[in-house]
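Novice: please find the sequence and the predicted model below.
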Amino acid sequence: MENFLNESFDLKPKHSSEEALERWRKVCGFVKNPKRRFRFTANLSKRYEAAAMRRSNQEKLRIAVLVSKAAIQFLSGEIFAAKSSVQTSESDYVVPEEVKAAGFQLCADELGSIVEGHDVKKLKIHGGMDGIAEKLSTSTTSGLTSDTGLLNKRQQVYGINKFAEAEAKGFLVFVWEALQDMTLMILGVCAFVSLIVGIAMEGWPKGAHDGLGIVASILLVVFVTATSDYRQSLQFRDLDKEKKKITIQVTRNACRQKMSIYDLLPGDIVHLNIGDQVPADGLFVSGFSVLIDESSLTGESEPVMVNADNPFMLSGTKLQDGSCKMMITSVGMRTQWGKLMATLSEGGDDETPLQVKLNGVATIIGKVGLFFAVVTFAVLVQGLFMNKMQEGTIWSWSGDEALKMLEFFAVAVTIVVVAVPEGLPLAVTLSLAFAMKKMMNDKALVRHLAACETMGSATSICSDKTGTLTTNHMTVVKSCICMGVREVGSNKKASLCSEIPESAVKLLLQSIFTNTGGEIVINKDGKREILGTPTETALLEFGLSLGGDSQAERLASKLVKVEPFNSTKKRMGVVLELPEGGLRAHTKGASEIVLAGCDKVINSNGEVVPLDEESINHLNATINQFANEALRTLCLAYMELENGFSPDNAIPLSGYTCIGIVGIKDPVRPGVKESVAICCSAGITVRMVTGDNINTAKAIARECGILTDDGIAIEGPNFREKSQEEMLTLIPKIQILSYGQTYTCKAIRSTFDEVVAVTGDGTNDAPALHEADIGLAMGIAGTEVAKESADVIILDDNFSTIVTVAKWGRSVYINIQKFVQFQLTVNIVALVVNFSSACLTGSAPLTAVQLLWVNMIMDTLGALALATEPPTDELMKRSPVGKKGNFISNVMWRNILGQSFYQFMVIWYLQVKGKAMFSLDGPDSDLTLNTIIFNSFVFCQVFNEISSRNMEEINVFKGILDNYVFVAVLGCTAVFQVIIIEFLGTFASTIPLSGSEWFVSVFIGFLGMPIAAALKTIPV
């Protein structure tokens, strides 16, 4: 079975090819209810539609860009012609009356055509950026006003920033889908025929009992199934809402504030940084070095430069580099991204490997079950024909015999109902939905279903340092300014200014406040707020504590060029035009990189002196000292530039004067050391992958318990130079890797075939998150690009939450194994009992109604009970499954076959010796015996369900009361079984049992538990 599953039903956790997705669908043979079974699989036709739309977008935008370039050339070369064109075109455009009445001078369609069509001509016609802003009644500096009435008017004219989504299915839709089960429909026809024949022969109500029993059973199965499916859909709907919670920085009422992207309106001024997603169509207002990745919309991998000459920004694209302000012009379904997302959302997520594997199991068992059902029907019919031939009545048929034939057919169909485990793939979805909902409460948002189960197999975690292992609350605690090392504390900052020459302080403050990706703003509460990364925040706080004035520094000089922080260069820089004339460049970044570009330094007297060997050694020793104290180090430097510098030139990398080095403290998160220890005991290797100084990384790794005495810390460039043989011996010992996340991830996966989880927060981490088996992005510090590439978002940026995700992943995997073990046991016993009985006695002991009840116990109710077991700490004390483990393990086969053999032997003994054992005689003896067999069979399943809670441990009662769903399902099953036996005998073909018969039935079921415990002692 495992070979067949690996051959036809093997799917990657991520990035599966369309061929692989198509292949397993074709192999799936007999499917009772395609609508239900394939509900949580990808809609490939919708995906092809989305791909076609992408290709269409690509062509449209390519043409728009060519037209826009031609327009720019035309407008710049033919000024007079352009002016006359403006006059003509302005008269062509008529503002709709409803737009005028709302106080605007541009309609939504006109705005959309400008940005989507990259129409430079139209943009100039409407007065450029400022003209569009005026016509939209907004300001590029203070944004929209927050007046609710005005915002509502704007919303009515231009729409909301949401794309159309399919309406949520109601409960009755799930009832209808549950009714699409082919076998249930056939049973419904059987029930109808039974009703007609029964009433014609025996009258009402006696003749209707059998037919009504089947109808009631079908309805019960349908409504229980629909309820379970509807609850799942509600859970997924809640999770989808959480996935879409994206906030962005917006200026309204001249105040910077965080706002949901779904509240944006045309005219809003949005602030974007590297890694952000453009939330709606709009126009570039101001910014530096903006590179836009439009591949998500157009498929083009080449980034596009956005500036005042090419100001068009499209929704769904991402900032690959730079930072800017943009003005929103079109939102929601008026953007190409909105239309594309509406189609993509119908395409759905890829199915998970477990879903596909269990579809394979269902396919195999379905074929076996269909074969047994046909043979059972043939044997029963052959027995009836043989009797009639012996009696010589082959050509005369009574109503009873016709009903008998119908009953045989119903039993055969019901065997198919029980034998085809349609609930197996859906049990995965049920378990994943339950786990994802609980993980959301534990601060982990699962974006892709497959990640939840893959995390349970993780063998290695490559964790980022900053913000994941540390708190991400940074403060400057040490500095080396003007060659002097000083501690920076709340009571020492005033003295720090007095110890440093005034000229050096001025340069330091200018560097801090102008060369920054952060910003000091007044929020809507009127309070000062520092925006930016924790590193930028720490430096700005340091500058403020030295008495600096951010606004004054920024106004004193003009920004000529900005090169935002780049993870490849590990530095950022600006060029300033000074008030007294001349240009000055400031740079800051990784200490060893920036210091290597310095040839001068400011000494203790505030004088600029050459950087000699002694000074270099002193500064390098300071960097190492800070790093060994687990401090993050940054070097700040400046240089005077020649007047010939052009903004088109790159900022120089060398020739700088070192201002100083700062040491930033980022404390280790509480509980990280314990979480790392849990991972080690669970067989998961934790590695720190960071862009920081290797000595800083070592100090923090020791504090976290990651770096051990025999562990290796290595830098990315050195690691990449190693040969394959060297990597084989090196990788198992590597515990810290500096600069090289994507390559490390690939090396570990390819060399050792491990299941690798990678954490990250920056745009530079996106390739590693995408490549990894499980990408874990940080919810607080993470950029939108990182989150889009990730499978799970850690909402509190805490390493302990990653351990929780691993625990839930293992829980999902184990829970599905428990359910499969339980369901396969019922499948095997039900098939063998009915088949053998039909062959040997000419009748089936379990009727259609009884088998439908058994099917519900093992399918929907069994999944509810076993697939929703919460995780235990014991799960993190076993080794991970990895990529090579068989899903249906030897332990499972041992339990399945052992329990099936016991149940079959007991039921067969009851069939053969039951009448003598219970002293049954008289006309009701057969009915009583069949009722005892049915009752014993059901209680065997009830107690087997308890035994299945743990496949290896003998104590299966541990924590049973913590899972109220399990207890409720067991309780309901037992109560309803009593009702069926004692009160619904007419419909279910049962008869009330005596106390002793009840005791024996329950005892037979209970005896399965010690047998299950004994089986667990057999080594496999």
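Specialist: That came in fine, so what should we check first? Numbers count the residues shown, from 1 in each chain.

Novice: mind picking out the helix or strand in the chain with the poorest mean pLDDT?
Specialist: Across the helices and strands of the chain, mean pLDDT, DSSP states H and E gives its lowest value to helix 79-92, namely a mean of 45.

Novice: which elements pack onto the helix or strand following it?
Specialist: Proceeding N to C from helix 79-92, the next assigned helix or strand is helix 97-101, under DSSP states H and E. The criterion is 3 or more Cβ pairs under 8 Å, 6 or more residues apart in numbering; DSSP states H and E, and there are no helices or strands that helix 97-101 contacts. C-beta coordinates here come from the backbone N, C-alpha and C atoms, glycine included.

Novice: what about helix 97-101, distance to the chain center?
Specialist: 44 Å (Cα atoms, centre = their mean, to the nearest Å).

Novice: likewise for stretch 247-266?
Specialist: Mean-position distance between stretch 247-266 and its chain equals 26 Å (Cα atoms, centre = their mean).

Novice: cool, stretch 245-256 as well?
Specialist: On Cα atoms, centre = their mean, the centre of stretch 245-256 falls 26 Å from the chain's centre.

Novice: quick one: buried residues of it?
Specialist: 248-252, 255-256 (16 or more other Cβ atoms under 10 Å).

Novice: and the end-to-end length of that stretch?
Specialist: Chord length of stretch 245-256, first to last residue, is 19 Å (Cα to Cα, to the nearest Å).

Novice: average pLDDT for that stretch?
Specialist: Mean pLDDT, stretch 245-256: 87.

Novice: contacts for it, please.
Specialist: By Cβ atoms under 8 Å, 6 or more residues apart in numbering, the residues outside stretch 245-256 that reach it are 141-146, 257-261, 264, 268-272, 276-277, 279, 325, 519, 521-524, 529, 531, 784.

Novice: mind listing the strands the helix or strand where residue 477 lies pairs with, and their directions?
Specialist: Using DSSP H and E, residue 477 sits within strand 475-481. Strand 475-481 has its sheet partners listed here by DSSP bridges as strand 484-487 (antiparallel), strand 656-665 (antiparallel).

Novice: rank those by pLDDT, which is bottom?
Specialist: Across these, strand 484-487 gives the lowest mean pLDDT, at a mean of 89.

Novice: ok now do the nearest residue to residue 306 once chain neighbours are set aside, which residues does it touch?
Specialist: Nearest in space to residue 306, with sequence neighbours left out and distances taken as Cβ to Cβ, 6 or more residues apart in numbering, is residue 290 at 4.4 Å. Shown in contact with residue 290 (Cβ under 8 Å, 6+ apart): 284, 305-307, 319, 321-324.

Novice: again with residue 210
Specialist: Going by Cβ under 8 Å, 6+ apart, the list of residues near residue 210 reads 191, 194, 198, 403, 407, 987, 989.

Novice: could you dump these to a markdown table with distance to residue 437?
Specialist: Below are the contacts of residue 210 laid out as a markdown table (distance: Cβ to Cβ, whole Å):
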| residue | distance to residue 437 |
| --- | --- |
| 191 | 37 |
| 194 | 42 |
| 198 | 46 |
| 403 | 48 |
| 407 | 44 |
| 987 | 37 |
| 989 | 40 |
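
Novice: pick out the most distant pair among those.
Specialist: Greatest spatial distance among the contacts of residue 210 (Cβ to Cβ): 403 and 987, at 15.3 Å.

Novice: how many neighbours does the closest residue to residue 764 other than its chain neighbours have?
Specialist: Setting aside the residues directly before and after it, residue 764 is nearest to residue 567 in space (Cβ to Cβ, 6+ apart), at 3.5 Å. The tally of other residues near residue 567 (other Cβ atoms under 10 Å) stands at 13.
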